[in-house]
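> Okay, here's the prediction I keep looking at, along with the sequence it came from:
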Protein chains: 2
Amino acid sequence: MEVYPHREENQMARTGRPREFDRDKALDAAMTLFWAQGYEPTSLNQLKACMGNISPASFYAAFGSKETLFREVVQRYLQTHGQVMAPLWDETLSPRDAIEQTLRRSARMQTARSHPTGCLIVQGACNCSPENLPVQALLAAERERSRDGIKACIERAVTNGELPASAVTQTLPALFTTFLHGMACEARDGDKVKTLDAAITTLMQVWDSQALQP
Amino acid sequence: MEVYPHREENQMARTGRPREFDRDKALDAAMTLFWAQGYEPTSLNQLKACMGNISPASFYAAFGSKETLFREVVQRYLQTHGQVMAPLWDETLSPRDAIEQTLRRSARMQTARSHPTGCLIVQGACNCSPENLPVQALLAAERERSRDGIKACIERAVTNGELPASAVTQTLPALFTTFLHGMACEARDGDKVKTLDAAITTLMQVWDSQALQP
DNA sequence: ATATTTCTGGATTGCTTAGTATGGAAGTCT
DNA sequence: AGACTTCCATACTAAGCAATCCAGAAATAT
């Protein structure tokens, strides 16, 4: 009687025949493929091939299903590459620095050559048939978290007296979020870090033009 | 001996049995479906159903294939909803007005309730398996056109003496383009016109802060 | 009226999809 | 040594995919 349909790494020193492939490496390979192609067009055949020519039985035993694999991939992404967003929730940073760092680190990460360009959260499940709406919703919820993080930074800046509680200030969350999410498209289309970084510098002027004196 | 594999509307008063469905309405229905779901996850069964329960034979006779239908849908999109970008190439407008109008009209169009939210060009072929890369490239080329249009506006402003030929000015194309493409994501995630419109107002301050006096 | 052209409905093609069943291999535990 | 557990290779299922074939229906042209 096993509660879980597939074996995750939730135990040590297991009995029975050991797995012949590296689960972590397989997960990374799957992440790269999902990142480049998105959820739906990525087939199990492609996945099994890039994960080390593992068999269907091995795949399902280790990861459960394509969807549960994707969910695990998303968690891994958030804990690694997605950490470029961490400044948003780092209250030791000033709100302005938090947003600027998030933008700059996102730009660098999304344009790096060591992995697919763009953002898994923004582009990973953009095209979905009705049966995969839950997957789309998973990423949408994550984007909403970013939105909330940016909004919280602005609100903190108002509370701190760094920004006025003006009508313009209220427009900043949408402004920064739209730009942040737009970078995924630009990165995938081949924009370079330098280009995006320079645009970020100019965008931050909007903040500075609204900032109150200390 | 027919050069074309399928019949388009390139003739009048044809012989033979007339088509029983409205080709234009079918094309619009296909556009809505592609817009909402994207190219790859949209199946022929869904297409045939939404196009008026037409038969496979009718579909292929009228549209050739799924890919040629999509290409035709993209052309139709560009000639209708995509016209929100037209100000970019309208030299009777000042460069600043061209960009502002493009942004505002895009925001309104992409959030309208009369059709799917977001942008077919940005999101229509975001997730593609290798065999459909040509479709992805088609939309990428169209986005490049937008990029070029925005860049041309900035250059025109410099030529006109509305903007200085400064380092900041050089960052404006990427800034506006990233924001423009980011709106597709925000619109699909449920942002309202008002929110985006307010962000656009603030973004245009960047232009004004750089503008030279006349 | 008849020939010709074109469209339609339905069955069908070959291929790919996600996922499963089974039998045996390769370990650990006692 | 032998019981037990887990994994793996292979064959397989059922459904969906884009696309095609064919026979008949419905129009025009002569």
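Cool, the structure landed.

> quick check: domain ranges of chain A?
A:23-77, A:83-210 (automatic domain parsing).

> okay, how far is it across the last one, tip to tip?
If I follow you right, that is domain A:83-210. Here the two ends of domain A:83-210 are set 28 Å apart, with distance taken as CA to CA, to the nearest Å.

> Next: the first one.
The first and final residues of domain A:23-77 sit 15 Å from each other (CA to CA).

> and chain A, which residues reach DNA strand C?
Within chain A, the positions near DNA strand C by CB under 7 Å from any atom of the strand are A:13, A:15-18, A:42-46, A:56-57, A:60, A:65-67. Placement of C-beta: from N, CA and C, glycine included.

> Adding distance to B:M31 and mean neighbour count, write the domains of chain A out as TSV.
As requested, the domains of chain A are arranged in TSV below (distance: least, CB to CB, whole Å; neighbours: other CB atoms under 10 Å in any protein chain shown):
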stretch	distance to B:M31	mean neighbour count
domain A:23-77	20	18
domain A:83-210	15	19
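
> Make TSV from the ones you listed and add mean pLDDT to it.
Rendered in TSV, the data for the domains of chain A read as follows (pLDDT from 0 to 100):
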stretch	mean pLDDT
domain A:23-77	97
domain A:83-210	98
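
> and the residues of chain A next to DNA strand C near DNA strand D, which?
A:T15, A:G16, A:R17, A:P18, A:P56, A:A57.

> Quick check: what element follows whichever helix or strand A:L78 is part of along the chain?
Taking DSSP states H and E as the definition, A:L78 sits inside helix A:66-79. The helix or strand immediately downstream of helix A:66-79 is helix A:95-111, counting by DSSP H and E.

> and that following helix, what does it pack onto?
With contacts taken as 3 or more CB pairs under 8 Å, 6 or more residues apart in numbering or on different chains; DSSP states H and E, helix A:95-111 sits against helix A:133-160, helix A:167-188, helix A:193-210.

> CSV for those, including distance to DNA strand D?
Formatted as CSV, these follow (distance: least, CB to the nearest atom of the strand, whole Å):
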stretch, distance to DNA strand D
helix A:133-160, 15
helix A:167-188, 24
helix A:193-210, 35
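
> In TSV, list the ones you listed along with distance to B:Q170.
Below are these laid out as TSV (distance: least, CB to CB, whole Å):
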stretch	distance to B:Q170
helix A:133-160	26
helix A:167-188	15
helix A:193-210	7
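
> Of all these, which one comes closest to A:Q123?
A:Q123 sits nearest to helix A:167-188 of all those, at 5.5 Å, using CB to CB.

> Run the chain-centre distance for the closest one.
Centroid displacement of helix A:167-188 relative to its chain, using CA atoms, centre = their mean, to the nearest Å, is 15 Å.

> now do stretch A:193-213
For stretch A:193-213, the distance to the chain centre is 23 Å (CA atoms, centre = their mean).

> hmm, who's touching it?
Contact partners of stretch A:193-213, identified using CB atoms under 8 Å, 6 or more residues apart in numbering or on different chains, comprise A:96, A:99-100, A:103-104, A:107-108, A:111, A:161-164, A:166, A:168-169, A:172, A:175-176, A:179, A:183, A:186-187, B:167-168, B:170-172, B:174-175, B:178, B:202-203, B:205-206, B:209.

> Please name the residues that touch A:I99.
A:I99 neighbours (CB under 8 Å, 6+ apart): A:P87, A:L88, A:I150, A:C153, A:F176, A:M204, A:W207.

> these two touch, right, A:Q37 and B:C128?
Yes - with contacts counted by CB atoms under 8 Å, A:Q37 reaches B:C128, the gap being 6.7 Å.
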